[in-house]
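Engineer: fold the stuff below for me.
(chains A and B)
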Amino acid sequence: MNARNVWCGANADGLHHSNFSVRRDVKVAGVLEVATARDGDPSPVGTGVLRIKRGIEVGHIFKLGTKYSEAMKCEVADPQQKMIPLTMGCYGLGIGRTVAAAVEQNHDDDGIIWPVPLAPYTVALLSLQRDKEVLDAAEKLYESLVAAGVEVFWTTATSVPA
Amino acid sequence: MLYEAIRADETSFVCAVLIRGDLEINEVKLPKALGVAHVRLVPEDRLPRSQGASPASSGRSA
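Structural biologist: Okay, the predicted model is just below:
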């Protein structure tokens, strides 16, 4: 807005004007805050600076305003008994993307490390040999875990995917 | 940058947005600030041209 003596186009290819000054040379209809925020910009609340960090969107909130309530004539009486359209909003939480985000944050070379609240089972019990001693021990473990209220996935398959 | 600002009733007006060269116009903020439904850049073939100069040369005449 206060730019003075800068360069601008000259309405002819290959030529430029020097000494263009916004306040003098254009009729400014208004000053708007429409620039994309950058890391380090002053904070709009007046203290500190903005920081840009990587995030994962797992859900969002929309203010729908009165767009749909007006269209559907969904109205309520205001304190003066005048009918006004409801202000609407909606929330969305993506179950699939929440799981995807959790996996992205919790894994190693061998695969997913489930955060306990998302894990399909708390314990996976693999009895890798078929002899009675192993199966009996596994069953005993399985029963004591179930009795303790732990969710167990027990498989007697002798080969499991890595 | 020349933008066509389009209101909810589909009437529109054209406005020139001047911005510092190191900043970018945010096309979410712009319609909100102008109080219109959405904005779009004026297509190149509709940009005003003076004396056959390309739109990128728009500016101040002598």
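Engineer: tell me which residue in chain A sits closest to chain B.
Structural biologist: Closest to chain B within chain A is A:Gly9: 2.9 Å, counting by Cβ to the nearest Cβ. For the C-beta atoms, the positions are set from N, CA and C on the backbone; glycine is no exception.
Engineer: mind listing what that residue touches?
Structural biologist: Neighbour list for A:Gly9: A:Leu15, A:His16, A:His17, B:Ala53, B:Ala56, B:Ser57, B:Ser58, B:Gly59, B:Arg60 [criterion: Cβ atoms under 8 Å, 6 or more residues apart in numbering or on different chains].
Engineer: in the chain, where is pLDDT below threshold?
Structural biologist: Looking at chain A here, since you left the chain open. Applying pLDDT under 70 to chain A flags residues A:159-162.
Engineer: switch to chain B, please.
Structural biologist: B:50-51, B:61-62.
Engineer: pull up the residues of it that are close to chain A.
Structural biologist: Residues of chain B lying close to chain A by Cβ under 8 Å from any Cβ of the partner chain are B:15-20, B:23-26, B:29-30, B:33-34, B:50-51, B:53-54, B:56-62.
Engineer: mark which of the residues you listed are buried, thanks.
Structural biologist: B:Cys15, B:Val17, B:Ile25, B:Asn26, B:Lys29, B:Leu30, B:Ala33, B:Leu34, B:Ala53, B:Ser57, B:Ser58, B:Gly59 (16 or more other Cβ atoms under 10 Å in any protein chain shown).
Engineer: just give the nearest non-adjacent residue to the fourth one, would you?
Structural biologist: Okay, so that is B:Asn26. Nearest residue to B:Asn26, sequence neighbours excluded (Cβ to Cβ, 6 or more residues apart in numbering or on different chains): A:Thr36, at 4.2 Å.
Engineer: for the one you found, which residues are in contact?
Structural biologist: B:Leu23, B:Glu24, B:Ile25, B:Asn26, B:Lys29.
Engineer: and the spatially closest residue to A:Leu50 that is not a sequence neighbour, how close does it get to A:Lys63?
Structural biologist: Nearest residue to A:Leu50, sequence neighbours excluded (Cβ to Cβ, 6+ apart): A:Asp41, at 4.7 Å. As for A:Asp41, its distance to A:Lys63 is 24 Å (criterion: Cβ to Cβ, to the nearest Å).
Engineer: the more surrounded of those two?
Structural biologist: A:Asp41 (14 against 9; other Cβ atoms under 10 Å in any protein chain shown).
Engineer: shouldn't that one be in contact with A:Val49?
Structural biologist: Yes. Using Cβ atoms under 8 Å, A:Asp41 is in contact with A:Val49, at 6.4 Å.
Engineer: contacting residues for the one residue sitting closest to the centre of chain A?
Structural biologist: Nearest to the mean C-alpha position of chain A, by Cα atoms, centre = their mean, lies A:Glu57 at 1.3 Å. With contact taken as Cβ under 8 Å, 6+ apart, A:Glu57 is in contact with A:Arg97.
Engineer: and whatever residue of chain B ends up closest to chain A, what does it touch?
Structural biologist: Using Cβ to the nearest Cβ, the single residue of chain B nearest to chain A is B:Gly59, 2.9 Å away. For B:Gly59, the contact set (Cβ under 8 Å, 6+ apart) comprises A:Cys8, A:Gly9, A:Ala10, A:Asn11, A:His16, A:His17, A:Phe20.
Engineer: farthest pair in those residues?
Structural biologist: Maximum pairwise distance in the contacts of B:Gly59, criterion Cβ to Cβ, is 12.1 Å, between A:Asn11 and A:Phe20.
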